[in-house]
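Q: Sequence first, then the predicted structure:
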Amino acid sequence: MIKFGTGGWRTIIGEDFIKSNIIKVAHGLSVKMAKENCKEQGVVIGFDRRFLSVEAAKWMAEVLAHYGVKVYFIDKIAPTPMIMYTVKQLGCHYGIAITASHNPAEYNGIKVFTSGGKDASEEVTSELEDIISEIFSESTDAKTFENGVKEEVIEIINPFNDYIDAIMEKIDTDAIRNKQLRILLDPMYGVSKTSLQTILLSSRCEVDLIHDRHDTLFGGRLPSPSAETLNTLKQKVVEKGYDLGLGTDGDADRLGVIDNEGNFIHPNEILVLIYYYLLNYKHQKGPVVRNIATTHLLDAIAEDYGEECYEVPVGFKHISSKMEEKDAILGGESSGGLTIAGHIKGKDGVFAASVLVEMVAVTGLSIAEMLNSIYNKYGEYHMVEYGYSFNAEDRQKLIEILYHDKTIPEFGYDIDKISTVDGIKVYFKNGGWVVIRFSGTEPLLRVFAEMDTIEEAEKVCKQVEQFIKEC
């Protein structure tokens with residue numbers, strides 16, 4: 001069955017990510033668009049560098065065109081945020097990105113976007129799943145891609161310049177030019193190279209690249225920016241004396257950062273830095289939105305500036321919806337995705353990197369100096385994360401114990417409250433917390449904990465691990 005998780009439909013190539021299923025998704029979307037009378041407004045389709053991505057994008061275009069849907073086809077590799085931006089700019093009702101984002105190389109998938117260029121809601125994807133489940137044919141008499149182009153049902157587009165210009169209009173390029181920063185970029189064999197490099201070079205940064213060739217195996221690494229996967233970037237930043245190292249995931253909607261001292265800047269810290277920068281240096285006003293597994297330091301900063309921090313379930317669609325509802329200026333998650341008001345309604349690693357570079361240039365402070373000033377003011381928050389694989393039997397057993405029986409480990413800390421909005425989140429009276437939830441993109445049980453010290457956070461996670469083993 002085709003099921004959309006928190007980040008789209010992602011599955012293993014050759015098992016479920018096969019032509020017949022891809023055709024079904026396209027057919028299902030065409031049925032949904034016909035019901036909504038929006039076929040003429042069209043759909044934007046783009047793809048990343050994964051194995052089978054360009055072929056899957058063309059299969060979808062052929063099927064949609066066959067059913068009379070206008071298709072705007074980006075014929076070069078495209079960052080997912082560029083696709084979202086294009087949906088917004090063209091006024092399309094839907095957009096498609098062929099990508100599995102940061103998943104391992106054996107995965108591919110489909111992300112669906114809706115009007116305004118935002119992640120499809122659960123209501124949209126649930127209805128699409130229902131439609132797809134009723135489609136039994138594994139083939140269709142689709143147009144060929146070439147005929148679709150000739151008949152102008154498929155239109156080849158290149159939104160690169162518009163997307164780049166939209167970002168550069170929102171950052172202080174003069175400040176960046178004056179700083180003349182040296183930056184090392186690691187696209188992680190993904191799609192950010194051209195767009196982010198263009199923005200930085202246009203701002204007179206000196207830019208070098210690593211891991212920028214086309215490699216569908218992502219160099220044997222997980223294409224997700226973390227302390228482990230960005231180790232080469234870390235070493236080279238220190239060796240060559242760069243001001244900053246920037247890494248983006250496979251489809252460029254997530255950002256990883258190495259500072260000039262070789263420190264990996266956790267996505268939580270990136271969010272904290274940018275929110276503090278917007279409030280304290282840009283003098284913007286507005287709340288912030290985070291998911292349940294993201295640092296509560298954002299709450300402390302918001303409170304200090306008379307603002308609110310809103311908590312939502314995991315899944316960027318929840319963040320963008322709450323941002324729109326509350327007129328928030330920033331929304332993000334501890335996995336490295338964030339967006340800033342006035343851009344697109346989804347995460348954008350290219351834009352986030354550009355704003356971070358601007359911050360370094362405008363403040364004249366290194367990232368370490370900026371973080372130290374924040375920690376001196378608000379205290380330090382330490383978060384750790386673990387993932388545990390499971391089989392179907394284990395999953396059902398854990399669901400019964402954790403979600404139905406609401407049985408949790410004995411943590412040894414006074415509990416303030418427990419939330420079951422998304423998995424289980426236990427809030428301790430000392431300000432710490434722990435989250436236990438099933439991943440929406442991989443077969444993993446994820447455990448996150450944030451406490452005053454790293455030792456306490458590790459201890460809480462180990463207590464969960466022991467509890468799971470004993471279940």
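A: Okay, I see it. Numbering: from 1, shown residues only.
Q: Just the buried residues of stretch 247-264, please?
A: The neighbour-count check on stretch 247-264 (16 or more other Cβ atoms under 10 Å) flags 247-260, 262-264 as buried. From N, CA and C alone the C-beta is placed, and that goes for glycine too.
Q: Which of the residues you listed fall in strands?
A: Using DSSP state E, the subset of the buried residues of stretch 247-264 located in strands is 247, 248, 255, 256, 257, 258, 259, 264.
Q: ok, so of those residues, who is nearest residue 58?
A: residue 248 (25.0 Å; Cβ to Cβ).
Q: Grab the most central residue of the chain for me.
A: Closest residue to the average C-alpha location of the chain: residue 337 at 4.1 Å, with Cα atoms, centre = their mean.
Q: So what does that one have for phi and psi?
A: Main-chain dihedrals, residue 337, degrees, to the nearest 10: phi -100, psi 140.
Q: you'd agree residue 23 is in a strand?
A: No: when classified by DSSP: H, G, I helix; E, B strand; the rest coil, residue 23 is found to be helix rather than part of a strand.
Q: Which residue is the nearest non-sequential neighbour of it?
A: Excluding its sequence neighbours, the residue lying closest to residue 23 (Cβ to Cβ, 6 or more residues apart in numbering) is residue 63, at 5.5 Å.
Q: what's the spacing between that neighbour and residue 153?
A: From residue 63 across to residue 153, the span is 11 Å (Cβ to Cβ, to the nearest Å).
Q: go on, residue 464?
A: Remark: distance between residue 464 and residue 153 (Cβ to Cβ) = 52 Å.
Q: Those two - which one has more neighbours?
A: When residue 464 is set against residue 153 and neighbours are counted by other Cβ atoms under 10 Å, the residue ahead is residue 464, at 24 against 20.
Q: Please identify the nearest residue in space to the more buried one, excluding sequence neighbours.
A: residue 447 (4.9 Å).
Q: Direction included, what does the helix or strand encompassing that neighbour pair up with?
A: Secondary-structure element containing residue 447, defined by DSSP states H and E: strand 444-451. Here strand 444-451 has these sheet partners by DSSP bridges: strand 382-389 (antiparallel), strand 433-438 (antiparallel).
Q: wouldn't residue 317 be in contact with residue 117 here?
A: No: with contact defined as Cβ atoms under 8 Å, residue 317 does not count as touching residue 117 (12.0 Å).
Q: Might you list the low-confidence residue ranges for the stretch 1-150 of the chain?
A: Per-residue confidence of the stretch 1-150 of the chain (counting by pLDDT under 70) places the weak regions at 137-141.
Q: all strands for it, in order.
A: With DSSP state E, counting those that start in this stretch applied, the stretch 1-150 of the chain shows strands at 9-12, 43-47, 71-74, 94-98, 107-114, 118-119, listed in chain order.
Q: Mind listing residues that contact the first one?
A: Just to be clear, that refers to strand 9-12. For strand 9-12, the surrounding residues in contact (Cβ atoms under 8 Å, 6 or more residues apart in numbering) are 2-3, 17, 25, 100-101, 103, 106-110, 441-442.
Q: Repeat the analysis, applying 7 Å as the threshold.
A: Residues outside strand 9-12 that contact it (Cβ atoms under 7 Å, 6 or more residues apart in numbering): 2, 3, 17, 100, 103, 106, 107, 109, 110, 441.
Q: again, but for the last one
A: Outside of strand 118-119, the residues within contact range by Cβ under 7 Å, 6+ apart are 113, 316, 317, 320, 345, 346.
Q: Could you rerun that using 6 Å?
A: Contacts of strand 118-119 from elsewhere in the structure, counted by Cβ atoms under 6 Å, 6 or more residues apart in numbering, are 316, 317, 320, 345, 346.
Q: tell me which element the third one is part of?
A: Here residue 320, judged by DSSP H and E, is contained in helix 316-326.
Q: Could you quantify the relative orientation of that helix and strand 107-114 as an angle?
A: Taking axes from the mean of the first three to the mean of the last three Cα atoms, to 10 degrees, one finds helix 316-326 and strand 107-114 inclined to each other by 20 degrees.
Q: Could you name the helices and strands sitting against helix 316-326?
A: Judged by 3 or more Cβ pairs under 6 Å, 6 or more residues apart in numbering; DSSP states H and E, the packing partners of helix 316-326 are strand 118-119, strand 288-291, strand 309-312.
Q: Please repeat the previous calculation with a cut-off of 10 Å.
A: Packing partners of helix 316-326 (3 or more Cβ pairs under 10 Å, 6 or more residues apart in numbering; DSSP states H and E): strand 118-119, helix 122-133, strand 288-291, strand 309-312, strand 330-332, strand 338-340.
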